[in-house]
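S.K.: let's see this in three dimensions:
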Amino acid sequence: MKNGARETLADVRIPLVKVPAHPVRLELPTQEKAALKERIKLLLNEQNAVLVAHYYTDGDLQDLAEETGGCVADSLEMARFGTEHPAQTLVVAGVRFMGETSKILNNEKRVLMPDLEATCSLDENCPIDLFADFCDRHPEHTVVVYANTSAEVKARSHWVVTSGIALPVIRHLAEKGEKILWGPDRHLGRYVQRLTGAEMLLWPGSCVVHEEFKADALRQLRALHPQAAVLVHPESPQDVVDQADVVGSTTALIQAVCTLPNKEFIVATDAGIFNKMRQLAPDKILLGAPTAGEGASCESCARCPWMEMNTLQKLAQTLETGAGEIHVAADLAARARVPIQRMLDFAKTLKK
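M.R.: Take a look at the predicted model:
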């Protein structure tokens, strides 16, 4: 660690998250799927709506978003795209905090989601009552929260960050001598702290997908594929991050597959990202980082069960019925928009 900085994990008892079982996915017959996609395209057009999908959603949804003039991206770019797009209805295929962020930045637009029950373990790990109380007990700290949080938690923060901009933001704050209260992902927080030397209090949350990657099993897989580059999302445990050739956001990992000369890649993040990687680099061989091994609770956990709640069928139903609309009170949206806009403005200074 730099400058004698301390890494301190918050002494907070976070709630246990009930993780849903992975849904049974029955592949639709080709003609039925084609007809369903055409129906969705018609509904999007009729309702002046645009579809934005996260990299972790099903490949059919990602493909449909791009076919209809929408986008496939990380959570921040999804919201930013919606701000710039003229459509008055945004359909967000992802998890609930992504829909909320889109609504916060586009409060005058209608925001729909295929399934409002699609949440996120990081969001659930960080309820506003516990988090606000912890912030109140540490008023000398600057509160920085990851995008994977509720609108209420964002509104209680000074900064919102994504994995792609967390490092420069924390480095900027550390250089000013500020102490950081970070939430909710402890692995990403620890990664950022090690690289910046910032003094940070880490909220003890984690992602149920990235938490399951196993370091010993990864070493064994690397031995079998010694020429493979290892790509790791920083929400992963430290002993997995330590083995990475590239650590970065979803966008950064996709760029690595496209630009690095390696033929093979071992990827430690949600397997939904493979759809975009294969689209952009069809000649590359992609291997999922292992989740099985000592201490494993499943054979293959590298899919978010909440992301899997997004389906073509639910998307069509949402557009047909208007169900699944995201609501964020105007005053709450205004408060939550402040730390998000602070990040966006900071990102512009980085580009300059």
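S.K.: can you report phi and psi for residue 159?
M.R.: phi -140, psi 140 (degrees, to the nearest 10).
S.K.: find the residue closest to it in space, skipping its chain neighbours.
M.R.: Using C-beta to C-beta, 6 or more residues apart in numbering and skipping the chain neighbours, the partner closest in space to residue 159 is residue 144 (4.5 Å). Glycine gets a C-beta too; all of them are placed from N, C-alpha and C.
S.K.: same question, residue 180
M.R.: That would be residue 200: by C-beta to C-beta, 6+ apart, it lies 4.4 Å from residue 180.
S.K.: for residue 86, give me its contacts.
M.R.: By C-beta atoms under 8 Å, 6 or more residues apart in numbering, no residues touch residue 86.
S.K.: neighbours around the nearest residue to residue 225 once chain neighbours are set aside, how many?
M.R.: Once flanking residues are discounted, residue 225 sits nearest to residue 264: 5.4 Å by C-beta to C-beta, 6+ apart. Using other C-beta atoms under 10 Å, residue 264 has 14 other residues around it.
S.K.: from memory residue 264 sits against residue 287, does it?
M.R.: Yes - contact status for residue 264 versus residue 287: in contact at 6.6 Å, counting by C-beta atoms under 8 Å.
S.K.: need the overlap of contacts for these two.
M.R.: In terms of C-beta under 8 Å, 6+ apart, residue 264 and residue 287 are both contacted by the residues 225, 228.
S.K.: the helices in the stretch 101-250 of the chain, which residues?
M.R.: Secondary structure of the stretch 101-250 of the chain, counting by DSSP state H, counting those that start in this stretch: helices at 121-124, 128-136, 151-155, 166-175, 186-196, 215-224, 238-241, 250-259.
S.K.: and of the ones you listed, who's closest to residue 50?
M.R.: For the helices of the stretch 101-250 of the chain, proximity to residue 50 was assessed by C-beta to C-beta; helix 250-259 is nearest, at 19.9 Å.
S.K.: distance from the chain centre to the closest one, please.
M.R.: 15 Å (C-alpha atoms, centre = their mean, to the nearest Å).
S.K.: name the next helix or strand downstream of that helix, please.
M.R.: Using DSSP states H and E, the helix or strand that follows helix 250-259 in sequence is strand 264-268.
S.K.: now the helix or strand following that following strand, how far from the centre of its chain.
M.R.: Per DSSP H and E, the first helix or strand lying C-terminal to strand 264-268 is helix 274-280. The chain centre lies 17 Å from the centre of helix 274-280; the measure is C-alpha atoms, centre = their mean.
S.K.: just the C-alpha atoms of helix 274-280, please, in CSV.
M.R.: C-alpha atoms of helix 274-280 as CSV (Å, rounded to 0.1, in the frame of the first residue of the first chain):
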residue,chain,number,x,y,z
PHE,A,274,-18.9,-13.7,-24.7
ASN,A,275,-21.7,-12.7,-27.1
LYS,A,276,-20.0,-9.3,-27.8
MET,A,277,-16.5,-10.7,-27.7
ARG,A,278,-17.4,-13.4,-30.3
GLN,A,279,-19.1,-10.8,-32.4
LEU,A,280,-16.0,-8.5,-32.5
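S.K.: for the next helix or strand after it, packing partners?
M.R.: Where DSSP H and E defines the elements, the next helix or strand beyond helix 274-280 is strand 285-288. Here strand 285-288 touches strand 264-268, helix 274-280, going by 3 or more C-beta pairs under 8 Å, 6 or more residues apart in numbering; DSSP states H and E.
S.K.: cutoff 10 Å now
M.R.: Packing partners of strand 285-288 (3 or more C-beta pairs under 10 Å, 6 or more residues apart in numbering; DSSP states H and E): helix 215-224, strand 264-268, helix 274-280.
S.K.: and the contacts of the last one?
M.R.: So the one you mean is helix 274-280. With contact meaning C-beta atoms under 10 Å, 6 or more residues apart in numbering, helix 274-280 is reached by 53, 55-63, 66, 72-73, 231, 250-251, 253-258, 265, 267, 284, 286-288, 302.
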